[in-house]
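Student: curious how this folds, go ahead:
(chains A, B and C)
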Amino acid sequence: MTGTETATAPGRRLEWQVAEVSEIVIETPRVKSLFLHVAGWQSHLPGQHVDIKLTAEDGYQAQRSYSIASAPENELLTLTVERVAGGEVSPYLVDELRTGDRFQLRGPVGGYFVWTVATRGPLYLIAGGSGITPLMAMLRHREKRKVAVPTLLLYSSRSLEDVIYREELTVMAQHDPNLQVVHTLTRNQPDGWVGYRGRIDKEMLAETPPALANKPRIYVCGPTSFVEHVSNLLVELGHDALAIKTERFGPTGG
Amino acid sequence: MADNVADLVLDGNAAAGCLGEIFAADITIAQIQCEACGSTRPVGSLRLYAAPMGAVLRCTHCDGVLMRAVNTPHGRWLEMSGTRCLRF
Amino acid sequence: MNDDAPISRGFGSARRAQTPKDRVPPGQYVTTDFPILSAGPTPQIKVEDWTFALQRGGSLIGKWSWAEFEALPQTTIKTDIHCVTKWSKLDTVWRGVTFDDLLKAAGVGEPAAPYIMAHCDGGYTTNLPVADLIGGKGMIATRYDDLPILPVHGGPARLLVPHLYFWKSAKWVRRLRLMEHDERGFWERMGYHNYGDPWKEQRYDGD
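Tutor: Okay, here's the model as predicted:
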């Protein structure tokens, strides 16, 4: 894909395609990544999502949206799903789905919540729980393209075990002086934890490195209440509301 | 379930699939002007309500309904009387 | 439309096994949650400012303040509710003023108009035949499970017409307008069924 990447070119109808599960990876006790093969997949932009549709044997159907976690440069399309207790779809995807299983998928959609290297930076990503998913697509894309965009990821999780992509993020940051990954753990912190604790607050958001002081592109993603809380704080801190792009996952966080 | 009132709302970007059945171009990046208050924003940044029933997109400035879309087995419905103009 | 949709192996079997078929309309599943769906932000209504009106044509035939409304005869019902998005909730308990008692309080013997439009704070509307409100079929509810209805569930008062899909049980109802001719409300003019009988699965216009 070159400079003018348009994943959904004008005039192309959005249709349901068939996705087949190629591989499943356990990320955390509640979260799995599904690597999918979609015949005729035409690439996507980092931050976009897909709608998936499951059909039961009696014809009953359920539909949900999931952000694409893989970068367009990655080989397989990846969705990262968190099991929501009592949910209808996520427990199926996390507990029941096996390689070879199939479901319908529509997309990629949502060109608004997108960042590519062409957009430039600085880049300020703020994730709550499974809200890391679309932001990870952006980070993976950024890494593959080897661009020196000053980037900060502020990532809120319940505990260290719940941090999705923890290893990958650590390695990414170690190899990239322009990328900083900052965690806050809201419920449990391991012994000796020197990082942030508790919900994201004004102090955490104010402590952004100087490289990001110059009108950063800001992307906030996670449960709706998280996104609203963080966005309000960012505006209070003087960030331009129009420079903040949000992706609310709803009450259950996706 | 949602105890917090604020939890119910999504972003216009989440309606991309639903609206993608009606609009060929990506509407989430289109600029939309509210008929009621005149403010202009990308469709993806609007507030999205009632997602399980369809899409009700509201102005972030005045809460007016800009657009409604419903996909049914018998056809797709779109209503935009709250939109002054849409620019792709 | 979905004849060639691949079956997702093992999806949904547990949930549907738990659904009592004769109690629950076709295509529905039972939930113990109380899911919330709104077409707009939750209005924050103070009962001191709240009024309820019954209109016919352009005339007001009844108007009540909150205190006056609470003083009307109260009825408690236990009923099942069915949302067009496929969840059903059984044995829900509501308390409020039946439409019959509202008409009596307004001094109206016969409604003398076949249809009603419900108007709500926030602008939501829904239409239904008067025949589906009288005879105990509909009420303006103010209590759910013995407690004031939460704003997010339509409080301080919502319409309750449990034999129809739940979008007809309009939240934040403020005014019922009797109409000579049927007019479609918020969802009814956007592809949803004009009547909405869950037992006939009348979800969409054309069903």
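Student: what's the span of stretch C:11-29 from first residue to last?
Tutor: 14 Å (Cα to Cα, to the nearest Å).
Student: nope, stretch C:146-163 is what I meant
Tutor: Length of stretch C:146-163, first residue to last, Cα to Cα: 21 Å.
Student: likewise stretch B:67-81?
Tutor: End-to-end distance for stretch B:67-81: 7 Å, by Cα to Cα.
Student: do it and chain C come into contact?
Tutor: Yes - interface with chain C: stretch B:67-81 contributes B:Arg68, B:Val70, B:Asn71, B:Thr72, B:Pro73, B:His74, B:Gly75, B:Arg76, B:Trp77, B:Glu79 (Cβ under 8 Å from any Cβ of the partner chain). For the C-beta atoms, the positions are set from N, CA and C on the backbone; glycine is no exception.
Student: out of those residues, who's the most crowded?
Tutor: Greatest neighbour count in the residues of stretch B:67-81 next to chain C, by other Cβ atoms under 10 Å in any protein chain shown, goes to B:Arg68: 25 neighbours.
Student: what about that one, which helix or strand?
Tutor: According to DSSP states H and E, B:Arg68 maps onto strand B:65-72.
Student: thinking again about what came up before, pipe the residues of stretch B:67-81 next to chain C into CSV and attach distance to chain A and pLDDT per row.
Tutor: As requested, the residues of stretch B:67-81 next to chain C are exported to CSV (distance: Cβ to the nearest Cβ, whole Å; pLDDT from 0 to 100):
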residue, distance to chain A, pLDDT
B:Arg68, 18, 97
B:Val70, 14, 96
B:Asn71, 10, 93
B:Thr72, 14, 94
B:Pro73, 11, 92
B:His74, 16, 95
B:Gly75, 16, 93
B:Arg76, 12, 93
B:Trp77, 17, 96
B:Glu79, 20, 97
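Student: which residue lies nearest the spatial centre of the chain?
Tutor: I'll assume chain A. Taking Cα atoms, centre = their mean, the centroid of chain A lies closest to A:Thr133, which sits 1.8 Å from it.
Student: that answer is for a different chain, and I need it for chain B
Tutor: For chain B, the residue nearest the mean C-alpha position is B:Leu57 (2.8 Å; Cα atoms, centre = their mean).
Student: from chain C, which residue is nearest to chain A?
Tutor: Per Cβ to the nearest Cβ, C:Gly12 is where chain C lies closest to chain A, at 3.7 Å.
Student: ignore the last one, chain B
Tutor: Closest approach between chain B and chain A, counting by Cβ to the nearest Cβ: B:Gly44, at 2.3 Å.
Student: what number of residues are in the vicinity of the closest residue to that residue other than its chain neighbours?
Tutor: Sequence neighbours aside, A:Tyr112 is the residue nearest to B:Gly44 in space, at 2.3 Å (criterion: Cβ to Cβ, 6 or more residues apart in numbering or on different chains). Neighbours of A:Tyr112 under the rule other Cβ under 10 Å: 25.
Student: list the contacts for A:Tyr112?
Tutor: Shown in contact with A:Tyr112 (Cβ atoms under 8 Å, 6 or more residues apart in numbering or on different chains): A:Lys245, B:Asp11, B:Gly12, B:Asn13, B:Ala16, B:Thr28, B:Ile29, B:Pro42, B:Val43, B:Gly44, B:Ser45.
Student: tell me, how many residues neighbour the second one?
Tutor: Looking back up the chat, that one is B:Asp11. B:Asp11 has 28 nearby residues by other Cβ under 10 Å.
Student: sticking with the residue nearest to the centre of chain B, tell me its helix or strand.
Tutor: Secondary structure assigned from DSSP H and E places B:Leu57 in strand B:55-58.
Student: same check on B:Ile32?
Tutor: strand B:31-34.
Student: what secondary structure does A:Met172 sit in?
Tutor: Following DSSP: H, G, I helix; E, B strand; the rest coil, the label given to A:Met172 is helix.
Student: hang on, A:Ile132 is in a helix, isn't it?
Tutor: Yes - residue state for A:Ile132 (three-state DSSP) corresponds to a helix.
Student: and the residue nearest to it when sequence neighbours are not counted, what are its phi and psi?
Tutor: Distances taken as Cβ to Cβ, 6+ apart place A:Ile164 nearest to A:Ile132, at 5.3 Å, with adjacent residues excluded. Torsion angles at A:Ile164 (phi, psi; degrees, to the nearest 10) stand at phi -80, psi 140.
Student: spell out which parts of chain B neighbour chain A.
Tutor: So chain B meets chain A at B:1-2, B:4, B:6-14, B:16-17, B:20-21, B:24-26, B:28-29, B:41-45, B:51 (Cβ under 8 Å from any Cβ).
Student: contacts only, for the residue of chain B closest to chain A.
Tutor: A:Gly110, A:Gly111, A:Tyr112, A:Phe113, A:Lys245, B:Asp11, B:Gly12, B:Asn13, B:Ala16, B:Thr28, B:Ile29.
Student: any idea how far B:Ala30 is from it?
Tutor: Computed as Cβ to Cβ, to the nearest Å, the B:Gly44 to B:Ala30 distance reads 9 Å.
Student: ok, now C:Phe99?
Tutor: Distance from C:Phe99 to B:Ala30, by Cβ to Cβ: 44 Å.
Student: now do C:Arg95
Tutor: 47 Å.
Student: and B:Arg76, by the same measure?
Tutor: 18 Å.
Student: tell me who's in contact with A:Cys221.
Tutor: By Cβ under 8 Å, 6+ apart, the neighbours of A:Cys221 are A:67, A:113, A:126-128, A:131-135, A:227, A:246-247, A:249.
Student: so where's the longest helix in chain C?
Tutor: If you go by DSSP state H, chain C has its longest helix at helix C:99-105.
Student: kindly export that helix (C-alpha atoms) in PDB.
Tutor: Provided in PDB are the C-alpha atoms of helix C:99-105 (Å, rounded to 0.1, in the frame of the first residue of the first chain):
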ATOM      1  CA  PHE C  99     -55.000   4.500  30.800                       C
ATOM      2  CA  ASP C 100     -58.500   3.700  31.800                       C
ATOM      3  CA  ASP C 101     -58.100   5.500  35.100                       C
ATOM      4  CA  LEU C 102     -56.500   8.400  33.300                       C
ATOM      5  CA  LEU C 103     -59.500   8.800  31.000                       C
ATOM      6  CA  LYS C 104     -61.800   8.600  34.000                       C
ATOM      7  CA  ALA C 105     -59.800  11.300  35.800                       C
END
